[in-house]
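1. Okay, structure incoming, though there's no sequence with it:
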């Protein structure tokens with residue numbers, strides 16, 4: 001008889017196979033034309049297994065979108081660790097923030113995962129929850145806020161509200177690029193980098209701990 005551990009590993013593999021098969025079919029044929037039978041056949045599982053794991057096709061679509069969103073969240077956290085893991089000196093803070101933003105603007109926003117998420121959300125919005133649904137939730141913002149809080153504790157930033165600072169950082173970098181260019185994908189548009197750099201500098205003018213006293217006119 002298989003052990004509990006073997007069953008759990010098998011279940012994980014089946015779940016991943018179902019999600020992968022559904023993702024491929026939803027992208028190629030669309031939600032309405034993709035049947036649970038086709039998903040099961042591609043994943044090499046029974047139709048009953050698909051229903052046992054996900055309940056119905058609409059829930060499966062949300063699970064696909066959520067899994068892609070979580071993959072992108074993992075990319076954000078990994079990029080934070082790669083570019084801002086160690087506390088930089090005050091002089092290196094700008095370079096670190098620019099490096100983080102540019103990695104996201106190329107490796108994540110230019111990735112197949114991000115393209116998949118955008119395509120699924122746009123094409124299948126009618127089959128996804130409408131109210132307050134965000135496949136990435138607030139996790140990237142919270143991860144950035146955690147890092148900013150650590151920088152504040154080290155005396156590099158002055159951020160009374162780390163989450164607000166994270167939201168403003170995103171608005172000043174990616175938000176400006178999206179508003180100005182319609183995209184923040186630096187892999188496709190070299191105009192993104194200057195906007196990101198200036199956004200980081202504007203952020204630091206507001207939040208750098210050593211920015212000096214404000215001059216009253």
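-> Thanks, I have the structure now. Model, not experiment: these values are computed from the prediction.

2. Distance check, residue 31 against residue 15.
-> 19 Å (Cβ to Cβ, to the nearest Å). Backbone N, C-alpha and C define where each C-beta goes, glycine included.

3. So those two - more neighbours on which side?
-> residue 31 (20 against 17; other Cβ atoms under 10 Å).

4. wait, the more buried one sits on residue 61?
-> Yes - using Cβ atoms under 8 Å, residue 31 is in contact with residue 61, at 5.8 Å.

5. chain center to stretch 47-57: distance?
-> Centroid separation for stretch 47-57 versus its chain: 27 Å, with Cα atoms, centre = their mean, to the nearest Å.

6. how about it: buried residues?
-> If you call a residue buried by 16 or more other Cβ atoms under 10 Å, then stretch 47-57 has these buried ones: 49-50, 53-54, 57.

7. same check, this time on stretch 104-115
-> Result for stretch 104-115 [16+ other Cβ under 10 Å]: buried residues 104-111, 113-114.

8. how about the helices in this protein?
-> Taking DSSP state H, the helices of the chain run over residues 4-29, 36-43, 47-54, 57-84, 90-103, 112-123, 139-153, 162-170, 176-181, 192-207.

9. could the ones you listed go into a markdown table alongside mean pLDDT?
-> Below are the helices of the chain laid out as a markdown table (pLDDT from 0 to 100):
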| stretch | mean pLDDT |
| --- | --- |
| helix 4-29 | 74 |
| helix 36-43 | 93 |
| helix 47-54 | 90 |
| helix 57-84 | 86 |
| helix 90-103 | 89 |
| helix 112-123 | 73 |
| helix 139-153 | 88 |
| helix 162-170 | 94 |
| helix 176-181 | 90 |
| helix 192-207 | 95 |
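
10. what about residue 118, how many residues close to it?
-> 12.

11. how far away is it from residue 33?
-> Taking Cβ to Cβ, one finds residue 118 at 20 Å from residue 33.

12. returning to what we had before: looking at the buried residues of stretch 47-57, spot the one nearest residue 203.
-> Set against residue 203, the nearest of the buried residues of stretch 47-57 by Cβ to Cβ is residue 54 (41.3 Å).

13. contacting residues for that closest one?
-> Residue 54 makes contacts with 18, 60, 63, as judged by Cβ atoms under 8 Å, 6 or more residues apart in numbering.

14. from the residues you listed, which would you call buried?
-> 18, 60, 63.

15. show me the contacts for the last one.
-> What it means is residue 63. Contacts of residue 63 (Cβ under 8 Å, 6+ apart): 19, 22, 54.

16. what's the spacing between the second one and residue 45?
-> As defined by Cβ to Cβ, residue 22 lies at a distance of 11 Å from residue 45.

17. How about the first one?
-> The gap separating residue 19 from residue 45 is 11 Å, by Cβ to Cβ.

18. cool, and the last one?
-> Distance check for residue 54 against residue 45: by Cβ to Cβ, it reads 11 Å.

19. Quick check: neighbours shared by those two?
-> Common neighbours of residue 54 and residue 45 (Cβ under 8 Å, 6+ apart) are residue 18.

20. could the buried residues of stretch 47-57 go into a markdown table alongside distance to residue 199?
-> Putting these into a markdown table (distance: Cβ to Cβ, whole Å) gives the following:
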| residue | distance to residue 199 |
| --- | --- |
| 49 | 47 |
| 50 | 44 |
| 53 | 42 |
| 54 | 40 |
| 57 | 41 |
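
21. From these, pick the one nearest residue 161.
-> Of those, the one sitting nearest to residue 161 (Cβ to Cβ) turns out to be residue 54, at 38.7 Å.
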